[in-house]
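Novice: what would the 3D arrangement of this be:
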Amino acid sequence: MPYPQLPTPEEQLAEAKKLLSLPTIVVICGSTRFMKEMNEADLRETEAGRIVVKPGCDMKSPNRLWSDPDEAEALKIRLDDLHRAKIRLADEVLVVGDYIGDSTRAEVAYARSLGKPVRFTHPEVDPGSG
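Specialist: You can find the predicted model right below:
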């Protein structure tokens, strides 16, 4: 007699979100050069009733937290890990901006590998189109 298959952590999370009646969770991805556009997208998504998570640091802007190059590199690694966790938490991904660099391309590939729907403010930059 086969044993019942235990739900995966992803299935458990999806079920917990349903039980809690959580709205759709959207993670915003994109180059931090588009922080203004990310804030505008946050406003639109929030107004539409979605929970929004997005990058919290713009390392292109000067700050004492990343003024030391060694500390900045370590922080970037931690922030990349944190953003992947946000992607795992989210129900869908919104990519902001008319340019996609290597980091965003990797985030899109990661989201798609998890089966997450991915939307683009500029669909022509979708690395999976064409």
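
Novice: how about the helix ranked longest in the chain: buried residues?
Specialist: If each helix of the chain is counted by residues according to DSSP state H, the longest one is helix 69-89. For helix 69-89, burial by neighbour count (16 or more other CB atoms under 10 Å) applies to 75, 79, 83-84, 86-87. (C-beta placed from N, C-alpha, C; glycine too.)

Novice: how about stretch 105-118?
Specialist: Neighbour-count burial for stretch 105-118 flags 107-108, 110-111, 116, 118 (criterion: 16+ other CB under 10 Å).

Novice: quickly name whichever of the residues you listed is closest to residue 7.
Specialist: The shortest gap between residue 7 and any of the buried residues of stretch 105-118 belongs to residue 116, at 18.1 Å (CB to CB).

Novice: hang on, the closest one in a helix?
Specialist: No: assigned with DSSP: H, G, I helix; E, B strand; the rest coil, residue 116 falls outside any helix and is coil.

Novice: wait, it touches residue 92, no?
Specialist: Yes: using CB atoms under 8 Å, residue 116 is in contact with residue 92, at 5.9 Å.

Novice: quick one: which two of the buried residues of helix 69-89 are the most distant?
Specialist: Across the buried residues of helix 69-89 (CB to CB), the longest gap, 18.7 Å, separates 75 and 87.

Novice: using CSV, write out the CA atom coordinates for the helix or strand hosting residue 110.
Specialist: Following DSSP states H and E, one finds residue 110 within helix 102-113. Coordinates of each C-alpha in helix 102-113 appear next as CSV, following Å, rounded to 0.1, in the frame of the first residue of the first chain:
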residue,chain,number,x,y,z
ASP,A,102,21.9,39.9,-16.1
SER,A,103,20.5,40.1,-12.6
THR,A,104,17.0,40.7,-13.7
ARG,A,105,17.3,38.1,-16.5
ALA,A,106,18.4,35.5,-13.8
GLU,A,107,15.4,36.6,-11.6
VAL,A,108,13.0,36.0,-14.5
ALA,A,109,14.5,32.6,-15.3
TYR,A,110,14.3,31.7,-11.6
ALA,A,111,10.6,32.8,-11.3
ARG,A,112,9.7,30.9,-14.5
SER,A,113,11.6,27.8,-13.2
